[in-house]
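Engineer: take a look and give me a structure for this.
(chains A, B and C)
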Amino acid sequence: MNPSTSLKVRLPALVLVLEVMLLVLYSLFVTYDDNANAKMQNNATKPMENTLYRDYPFFADVQVLIFIGFGCLLAFLRFYGFSGMVFNFLTATFAIQWAILVQGYFQFYHDGKIHLGVINLINAEFACAVVLISFGAVLGKTSPVQLLVMAFLEVPIFSVTEWAVLKYLRINDAGGSILIHLFACYFGLGVTFVLYRPNLRNGHAKEVTGYNSDILSVLGTLFLWVFWPSFNSALTLKGDDQHRAVLHTFIGLTASTMTAFALSAVFSKNGKLTMADIQNVTLAGGVTVGASVDMMITPAGAYALGVLGCTACYLGYRYLTPFMAKRLRIQDSCGIHNLHGLTGLISCTAGICAILLATEETYGPSLYETFAHRSPPEGDPKLLELQQMIPGLKPGLGRSAQEQALYQVAAIFSTIAVAAVGGVLTGFILKLPFLASPPDDNCFDDEIFFEVPSDFYSEVKKAPVSESDSKV
Amino acid sequence: MNPSTSLKVRLPALVLVLEVMLLVLYSLFVTYDDNANAKMQNNATKPMENTLYRDYPFFADVQVLIFIGFGCLLAFLRFYGFSGMVFNFLTATFAIQWAILVQGYFQFYHDGKIHLGVINLINAEFACAVVLISFGAVLGKTSPVQLLVMAFLEVPIFSVTEWAVLKYLRINDAGGSILIHLFACYFGLGVTFVLYRPNLRNGHAKEVTGYNSDILSVLGTLFLWVFWPSFNSALTLKGDDQHRAVLHTFIGLTASTMTAFALSAVFSKNGKLTMADIQNVTLAGGVTVGASVDMMITPAGAYALGVLGCTACYLGYRYLTPFMAKRLRIQDSCGIHNLHGLTGLISCTAGICAILLATEETYGPSLYETFAHRSPPEGDPKLLELQQMIPGLKPGLGRSAQEQALYQVAAIFSTIAVAAVGGVLTGFILKLPFLASPPDDNCFDDEIFFEVPSDFYSEVKKAPVSESDSKV
Amino acid sequence: MNPSTSLKVRLPALVLVLEVMLLVLYSLFVTYDDNANAKMQNNATKPMENTLYRDYPFFADVQVLIFIGFGCLLAFLRFYGFSGMVFNFLTATFAIQWAILVQGYFQFYHDGKIHLGVINLINAEFACAVVLISFGAVLGKTSPVQLLVMAFLEVPIFSVTEWAVLKYLRINDAGGSILIHLFACYFGLGVTFVLYRPNLRNGHAKEVTGYNSDILSVLGTLFLWVFWPSFNSALTLKGDDQHRAVLHTFIGLTASTMTAFALSAVFSKNGKLTMADIQNVTLAGGVTVGASVDMMITPAGAYALGVLGCTACYLGYRYLTPFMAKRLRIQDSCGIHNLHGLTGLISCTAGICAILLATEETYGPSLYETFAHRSPPEGDPKLLELQQMIPGLKPGLGRSAQEQALYQVAAIFSTIAVAAVGGVLTGFILKLPFLASPPDDNCFDDEIFFEVPSDFYSEVKKAPVSESDSKV
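Structural biologist: Below you'll find the model as predicted:
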């Protein structure tokens, strides 16, 4: 037992500090939003029209996706199942608590208070998803103390970026391709770049899957697969926009699933399927449709995006991840650059195309709802005309499609830049000596941070671990 | 490694053909339905009244049932967990994609287009459930290529049957006892009859469960159990009909669960419970209430049906499955004839009784909604009278209860006949030489189609496989 | 094979008796409620306003929590996974069936019939949760026959207590801290006190976890964690009350999760985390916010309660459970006294404080909805005044906050007393000789009640079981 990785003091001390900070800030700044505040109910209130009933089903679905889907997916290593599942639990929990505050400050703050309702929780879950995706890059090589510190830093950097992009660049990004997937990916790569471990450049004897861990991980994939439509549509406009988001996500996922099986077989040495592909590459379609998920891209368009995203993701796993590990010092444990980076870029490109092609002919006057920034500005006579067709249409910025597309491009590059720089800086902080970083030999090993049952040891002893066995 | 089972060319080639076909057909024929089409929104549209909010919760529940419930349930074999879970994933994905088109053509086609909304996805999931039930008959003895071909053939045969029965025979079958369970069962038996493997008539050394696979399979059972009420009620009329469907399915399942435990104990050699019974027989009640699930069968009626269906299902597993395997050349891996065939027949009989006993006294004027074909035809003065009590009641065929019952009988026999013939023909096609059918020795073995982790081999070596161990 | 534990006759005989009884009583007394009764629909009925759509989502969530969450959580022992998961399934199923009748008689009985809708099922699930919590105290040491008998006795004792407390004491207990958690805990402790096994006072060689069972159990924890907000809010008032219940439960759980990790590390011998803490102590916050879950306790209040409850729960596991086992003859297998008893008491105290502090200033006129018994009685002019602000406000008892607090105290003590006495009496009945109670040697062992696959035996043989390994 290496004393420098003991959690006995480090973890409780950090948690104590965080909890005291959170408790003080919650006391001072967090109150209920109007839908959760008893005092705001009056004789015009209809209880069943509370926003709870609109938001809670999507919140619950995303909860399953985050805690169970991610949790199981990250438990794919034979000797790292406890850590994958449980560190996901810890990190996600803290990230949401923290995002309620930080993101709440940027999005739900008025009259000196953050106003809390289930809608904030959904937003906080998205910030949490960002942290968990980044976690995928450093899985197996970080302590829970480091993960909490990472979440502590990533949530504010993300929230500021999100706020700045939404307030100043004003983009369309319903499924979060730019703000969630690209940010999370390049932040995670930044972190893992700094945490480079030269001794692990030829893999690690314990970085292997097992029969049961592979099945558990597929179970996680299935939960992510099933609830991804809720994730992609949770924050779209209600009505037809959300309806399309569900359809596109579903179709994109089915397309990438079929494609993943085909690619897994065609590139395999002896014509067999590889579980890692089933676990990860099948999900590419969910990311790829993200940026255009609420637009009129047609069902066939969603299908094509699923195939395309999946192919990029697969080839990334096969060629880019090993190249990055060997040449660029980027050890990306779960290959997040493939599932979130490459697919995110394709998604953003598709989103820009969809924006450029969007016309009133296809969308009718709803065009100015889905693309809110193209709505005419206050005072424009066209606005009044439109408001007769869509009561309650808000004035926008009167952008053309081309202008909107340029702002999307700006958002992509600035998000990637901020994320990468933020990730690198975070990485340096995670290298501080007292954060219980596991030594190289103890990476990918539950035993360093967990009391393990006796059958774990017998499994370890028995394991005829070989290079051919190790997961790329 | 037998080269004839390599997926390297076969699977990708088939997937490529299917994807190109799907993509072309989606491009040409699939558009959004009015609730998902931006252009159809106008100043009378209320976003929260979009059909999405009515259909999506049931869709999501059925997704869990299909991908996670079925997936885990089919992973009950010790050396076939990857295959059970992952082939379910692949087959279900393709079946839904394909059913969106084929079934969409029969049910949602007008103005030259299939109109797509979440309601189509629910319908497609039902077609998918048909394929997965049939898959249960050939589990362990088929390649993923064969399974895709089976889905490719079964979906259209099912869709035509469904369309013909609903259009010409006009039956009541809310829970799908006839169209889903009986069709799927006899189709699957037809396939497995043709794929008969004489060398496996005394079982197979690898057709055994393991401790972890048994638990995973029970987990699947629990997901099916929990979400079965959503499955049985997803396509009923909204309101009290759907409410009853939920109640009856729940009560039927609780009754069959209690009964399954009792039967498992009473028939066991040494007074112990058998996991296979818990995994399968407990679910019989969900099927048995299917055909009458929206009718006024009373809670006690649902209870009795659960007990009855469970008993038939159990006795089927115990006596009929071995008999069919030995005498009728029907090797039914998961015993779908018990869980879907026998219980389906009981369900249909109960449905007919419920139809014959249905009176205005019990149902009030709603009788003509639940039994839409008994509603008076256009022009009948009785229709106007009823429409005063139920605004929006649609004219029907003016059938008597007895007439409706006869049409149900006709539907049962014709569905079984079409399914069995379709299954046999499909079976012959699946015997084509280039579909990677596993040799007898490699049945029930993940290793033939998957790269497996090293602990799989050590498990295989260790296994003191004996006949007494094998699952009947 | 000890013949006295054979289930061959005992279990089927008991199930047969129970099923006949249930079937007769359902036939005689159970009918549909107005929302499920076809005859009650008329030309004013709006199908989408059926209570189904209000209640079913919460029902489905609680189903997942009970059958999958509890089921997996209770499967944490290496050689007792079948039993933990499957006995939970059996016991829960029977408890709900039985509660529909017994609780239905107290709550939904009029005109000589129990009126059944999904709302009854939610109530029955709560009674079922009571039984399952108590089951935690005797896990590993009881036969399924004993568990059915326990459920048979506990459901009526619980239902009478619930009815008496709600009718005569009229308390606020939205999350069920008093009626569910305290009742279940002290009933379970009463049972296990009587079932004391002196030979197990130093633990049992098979009372150990395994690597896979620990992961499965965490999966159960995650399901409980994710769906606990639905559990705590299922029976609150609709609208802002339910909204707050969701928020508080979520925040309480996040706070207890963070705290559980810190405590697990700080008290461990060598600075490692213990899975049992992750599995249980993380959930304490859900219980602790229960009694005040719908009140205006502020988000920070919910956070503080989560930390407090978790700390009490953790210290209970560490010091109180061993003490109770050694000195008080109370062998509490899953430590329910910590997760439900101690946290329940804290929750009740917090609820009383919240009641004492509740003012019109904070709640506005809604005060008299959330605290219905403080509403002025029929005829009071203040009532008319309030009814102008809240149409439909029901007359109450005109209690002051102090009076309400006293009734809460009375409810706590009387519930604990009835539960403990009921548990002790039930314990004596469970000691009757023909209930297949497992001998000491066969406790915590699936093999006594299940046909187990061959790899179970090899696992048992291999296991280097030692005292240090055993779970406290």
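Engineer: what's the next secondary structure element after the longest helix along chain A?
Structural biologist: Assignment by DSSP state H gives helix A:401-430 as the longest helix of chain A. The helix or strand immediately downstream of helix A:401-430 is helix A:454-462, counting by DSSP states H and E.
Engineer: coming back round to it: packing partners for the longest helix of chain A?
Structural biologist: Judged by 3 or more Cβ pairs under 8 Å, 6 or more residues apart in numbering or on different chains; DSSP states H and E, helix A:401-430 is in contact with helix A:144-164, helix A:183-194, helix A:343-357. No exception for glycine: its C-beta is placed from N, CA and C like everyone else's.
Engineer: just the buried residues of that helix, please?
Structural biologist: A:401, A:404-405, A:407-408, A:411-412, A:414-416, A:418-420, A:422-424, A:426-427, A:430 (16 or more other Cβ atoms under 10 Å in any protein chain shown).
Engineer: do stretch A:189-203 as well
Structural biologist: Neighbour counts using 16+ other Cβ under 10 Å place A:189-195, A:197, A:200, A:203 of stretch A:189-203 among the buried residues.
Engineer: and that stretch with chain B, contact?
Structural biologist: No: Stretch A:189-203 does not reach chain B (Cβ under 8 Å from any Cβ of the partner chain); its nearest approach is 14.3 Å.
Engineer: what lies in contact with that stretch?
Structural biologist: With contact meaning Cβ atoms under 8 Å, 6 or more residues apart in numbering or on different chains, stretch A:189-203 is reached by A:134, A:137-138, A:141-142, A:150, A:325-326, A:328-333, A:336-337, A:341, A:419-428, A:430-431, A:437, A:440, A:443, A:467, A:470.
Engineer: check contacts around A:V307.
Structural biologist: A:255-256, A:259, B:19, B:23.
Engineer: highest neighbour count among those residues?
Structural biologist: A:S256 (33 neighbours; other Cβ atoms under 10 Å in any protein chain shown).
Engineer: assign a three-state SS to it, would you?
Structural biologist: helix (DSSP: H, G, I helix; E, B strand; the rest coil).
Engineer: what's the spacing between it and A:P381?
Structural biologist: As judged by Cβ to Cβ, to the nearest Å, A:S256 and A:P381 stand 45 Å apart.
Engineer: ditto for A:L116
Structural biologist: Counting by Cβ to Cβ, the gap from A:L116 to A:P381 is 40 Å.
Engineer: helix or strand: which one has the residue in the stretch 151-300 of chain A positioned nearest to chain C?
Structural biologist: Relative to chain C, the nearest point of the stretch 151-300 of chain A is A:N212 (5.7 Å; Cβ to the nearest Cβ). Using DSSP H and E, A:N212 maps to helix A:211-233.
Engineer: please apply the same query to A:L253.
Structural biologist: With DSSP H and E as the criterion, A:L253 is inside helix A:240-266.
Engineer: hmm, that helix in reach of chain B?
Structural biologist: Yes: interface with chain B: helix A:240-266 contributes A:240-244, A:246-247, A:250-251, A:254-255, A:257-259, A:261-263, A:265-266 (Cβ under 8 Å from any Cβ).
Engineer: so which elements touch the following helix or strand past that helix?
Structural biologist: Downstream of helix A:240-266, the next assigned helix or strand under DSSP H and E is helix A:275-280. Where contact means 3+ Cβ pairs under 8 Å, 6+ apart, helix A:275-280 is packed against helix A:211-233, helix A:240-266, helix B:81-107.
Engineer: alpha carbons of the first one, as CSV, please.
Structural biologist: It refers to helix A:211-233. What follows is helix A:211-233, C-alpha atoms only, in CSV (Å, rounded to 0.1, in the frame of the first residue of the first chain):
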residue,chain,number,x,y,z
TYR,A,211,-16.3,-11.5,-19.8
ASN,A,212,-18.5,-10.1,-17.2
SER,A,213,-17.2,-6.5,-17.4
ASP,A,214,-17.8,-6.6,-21.2
ILE,A,215,-21.4,-7.5,-20.7
LEU,A,216,-21.9,-4.9,-18.0
SER,A,217,-20.4,-2.3,-20.3
VAL,A,218,-22.8,-3.3,-23.1
LEU,A,219,-25.6,-2.9,-20.7
GLY,A,220,-24.4,0.6,-20.1
THR,A,221,-24.3,1.2,-23.9
LEU,A,222,-27.9,0.0,-24.1
PHE,A,223,-29.1,2.4,-21.5
LEU,A,224,-27.3,5.3,-23.2
TRP,A,225,-28.7,4.1,-26.5
VAL,A,226,-32.3,3.9,-25.2
PHE,A,227,-32.3,7.3,-23.4
TRP,A,228,-30.2,9.3,-25.8
PRO,A,229,-33.3,10.7,-27.6
SER,A,230,-34.3,12.2,-24.3
PHE,A,231,-30.8,13.7,-23.8
ASN,A,232,-30.7,15.3,-27.3
SER,A,233,-34.2,16.6,-27.0
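Engineer: per-residue confidence averaged over that helix?
Structural biologist: The average pLDDT within helix A:211-233 is 97.
Engineer: ok now that helix, how far from the chain's centre?
Structural biologist: Relative to its parent chain, helix A:211-233 has a centroid offset of 14 Å by Cα atoms, centre = their mean, to the nearest Å.
Engineer: anything in it near chain B?
Structural biologist: Yes: applying Cβ under 8 Å from any Cβ, one finds helix A:211-233 touching chain B at A:211-212, A:214-215, A:218-219, A:222-223, A:225-227, A:229-230.
Engineer: tell me the angle that helix makes with helix A:81-107.
Structural biologist: Here helix A:211-233 points in a direction 10 degrees away from that of helix A:81-107 (axes from the mean of the first three to the mean of the last three Cα atoms, to 10 degrees).
Engineer: try the last one
Structural biologist: The directions of helix B:81-107 and helix A:81-107 differ by 50 degrees, with the same axes, to 10 degrees as the criterion.
Engineer: which SS class is A:K8?
Structural biologist: With three-state DSSP as the basis, A:K8 sits in coil.
Engineer: next, count neighbours for it.
Structural biologist: Counted by other Cβ under 10 Å, the residues lying close to A:K8 total 17.
Engineer: now the one 5 residues further on
Structural biologist: Other residues lying near A:A13 total 16 when counted by other Cβ under 10 Å.
Engineer: so how far is the longest helix of chain A from its chain's centroid?
Structural biologist: Distance, stretch centre to chain centre, for helix A:401-430: 15 Å (Cα atoms, centre = their mean).
Engineer: just list what the lowest-mean-pLDDT helix or strand in chain A packs against, helices and strands only.
Structural biologist: In chain A, no helix or strand scores lower on mean pLDDT, DSSP states H and E than helix A:454-462, which sits at a mean of 81. The contact analysis (3+ Cβ pairs under 8 Å, 6+ apart) places helix A:454-462 against helix B:454-462, helix C:211-233, helix C:454-462.
Engineer: A:S159: which of the ones you listed is closest?
Structural biologist: For the helices and strands packed on helix A:454-462, proximity to A:S159 was assessed by Cβ to Cβ; helix C:211-233 is nearest, at 23.8 Å.
Engineer: mind listing what's buried along that closest one?
Structural biologist: By neighbour count on 16+ other Cβ under 10 Å, the buried set for helix C:211-233 is C:211-233.
Engineer: do it and chain A meet?
Structural biologist: Yes: counting by Cβ under 8 Å from any Cβ, chain A has neighbours in helix C:211-233: C:211-212, C:214-215, C:218-219, C:222-223, C:225-227, C:229-230.
Engineer: just give me the closest of the residues you listed to C:Y457.
Structural biologist: Of all the residues of helix C:211-233 next to chain A, C:Y457 sits closest to C:N212, with 16.3 Å by Cβ to Cβ.
Engineer: for A:E361, see how far away the closest one is.
Structural biologist: Applying Cβ to Cβ, the value for C:N212 to A:E361 is 58 Å.
Engineer: one more: A:T31?
Structural biologist: For A:T31, the distance to A:E361 equals 46 Å [Cβ to Cβ].
Engineer: more crowded one of the two?
Structural biologist: Neighbour totals were compared for A:T31 and A:E361, and A:T31 leads with 17 against 8 (other Cβ under 10 Å).
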